[in-house]
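I'll drop the sequence and a predicted model, then ask my questions.
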Amino acid sequence: MAILNAIIENNGNTLIIDFPHSIYDVYEKLLSIGIRKSPNDIMLTDNEDDDIQVKLYSDSDFGNHVIRLLGENNSLADANTTAYLLMTADDELKDELEQNILYDQYDSIQELTADLKKMKDMMGKVKISFFCPLDGNIQDSEYSEMQSAGNWYLKSYEWEIRELLEMEQSSPEDEMAQFFDDDESVKIKLVSAVWTVDEYKGKLYGKINCRFKEQLTEDETEIFKNWLVGQCADGFGEHFEQQPIQTEDGKLFVSFWNSSDSYFLCTEDELESCIENSQGLQMGGM
């Protein structure tokens, strides 16, 4: 069921679209009336002088209160994202969110988003961090050849790596926890999973910060770890490692996975042991 609807006018062409929608569907629908601008660049204005005019409406009292939070400084993408956040909010939060919105407890979308994040954090009381090795490769700008980048080099670009990870996960549609579907009991407990990097004993590692409503059992932890490895190899991690970071030596590509026997993904409590075992495998000692 749509939370919001938009009437979009462009040079005599009219589009009516409901939100939330896949952002790719939004792009395609905009193209159908000759709009090639990104939804992020289409503001929610309905002035006669505007080339593109957007008017929001809703068939529900709840939706109309949501529209109150969206102004001319917000974009079409903001409207879609807001509807998506509300549509996909955890069932435990929806009643409180609905009441807050109906009683006008928020003055802006930013306040709504911040409160939703706070509510999710409070719901995910159990915090577990998982670590894995990082791999880096540099594509020489002159010869287009790939060369391995050592961990010292990755550390020198820690801020840039962290910034790219944040950007890749900035949209609510990219929240990784929603893609977990391997086990129902884990899915019920999982609140969030966020990829980042962190230093441990002078070396930079991949780090995945996760929140759960309850503590995982040993079996559940193994199921979840296997899913994380899959995401590092083929899911989020595969997409991320295709996004270059510009350096003075060329394009840097960072991966949360490698195919060697020394690769590991473990909890913070297991990290020291995993590093020792990994080093033993690298030296041929095991």
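It's in.

Verify the stated contact: T45 with Q53.
Yes. Contact criterion CB atoms under 8 Å: T45 and Q53 qualify, at 6.9 Å. All C-beta atoms are positioned from the backbone trio N, CA, C, and that covers glycine.

where exactly do the strands run in this protein?
Under the criterion DSSP state E, strands of the chain are mapped to 4-10, 13-19, 52-57, 126-133, 135-140, 146-149, 190-200, 203-212, 245-247, 250-255, 266-267.

buried ones in the fourth one?
It stands for strand 126-133. Residues of strand 126-133 classed as buried: I128, S129, F130, F131, C132, P133 (neighbour count, 16 or more other CB atoms under 10 Å).

Look up how far L154 lies from the first one.
Which is I128. Remark: distance between I128 and L154 (CB to CB, to the nearest Å) = 24 Å.

Show me the shaky parts of the stretch 1-150 of the chain.
1, 141-143 (pLDDT under 70).

Recalculate using a threshold of 90.
1-2, 21-24, 47-51, 91-92, 117, 121, 140-146 (pLDDT under 90).

In contact with the spatially closest residue to A149 that is not a sequence neighbour, which residues?
Excluding its sequence neighbours, the residue lying closest to A149 (CB to CB, 6 or more residues apart in numbering) is G136, at 3.5 Å. Counting by CB atoms under 8 Å, 6 or more residues apart in numbering, G136 touches S148, A149, G150, N151, Y153, L154, L252, F253, V254, S255.

neighbours around the fifth one, how many?
By other CB atoms under 10 Å, the residues close to Y153 number 15.

Kindly give the local confidence score, pLDDT, for it.
In this model, Y153 is scored at 97, pLDDT.

so who does it touch?
G136, I138, L252.

ditto for the second one
Taking CB under 8 Å, 6+ apart as the contact definition, A149 lies against G136, N137, I138, L252.

which residues in the stretch 51-200 of the chain form helices?
For the stretch 51-200 of the chain, applying DSSP state H, counting those that start in this stretch gives helices covering 61-68, 76-88, 91-102, 109-123, 151-156, 158-168, 184-189.

That's all I had, so thanks and see you.
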